[in-house]
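K.L.:
Give the three-dimensional model of this entry:
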Amino acid sequence: MAKKPAIPVMNSQDRTLNQVLAAVKENIEVITGARAGSAQIETLGTNATTAQIIAKVNEIIGRLNYDGN
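P.N.:
Alright, predicted model coming up:
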C-alpha cells in the first residue's frame, strides 16, 4: 500500500489559525500513525481469532477516542 502524503506545515499571520492548524495536523498524524512516537496499527492475518479481532477493534477505538480509552 502506498504511503499517504504528509500534511504540510502552514504558517499564517494569524496566531490562532496557526494553533488550530497545528492541532488538526497533530491529531491526524497520531490517528494515522504518521506522528513520531505513534505506533502503527498492524494488520491482522486472515486466520485471526475472534479475540484478536476484538483486541484490534479496541486498539483502533482507543486511537480514535479523545481520552485514548
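
K.L.:
Is there a neighbour count for Ala2? I'd like the number.
P.N.:
Around Ala2 there are 4 other residues, counting by other C-beta atoms under 10 Å. The way it works is simple: take the backbone N, C-alpha and C, and place the C-beta from them, glycine included.

K.L.:
so who does the residue lying farthest from the centre of the chain touch?
P.N.:
The outermost residue of the chain relative to its centre, with distances by C-alpha atoms, centre = their mean, is Gln13 at 27.7 Å. Applying C-beta atoms under 8 Å, 6 or more residues apart in numbering, we find Gln13 in contact with no residue.

K.L.:
Which helix or strand contains it?
P.N.:
Gln13 belongs to no helix or strand when elements are defined using DSSP states H and E.

K.L.:
got the phi/psi numbers for it?
P.N.:
Dihedral pair for Gln13: phi -70, psi -20, per degrees, to the nearest 10.

K.L.:
ok, now how distant is it from Ala22?
P.N.:
15 Å (C-beta to C-beta, to the nearest Å).
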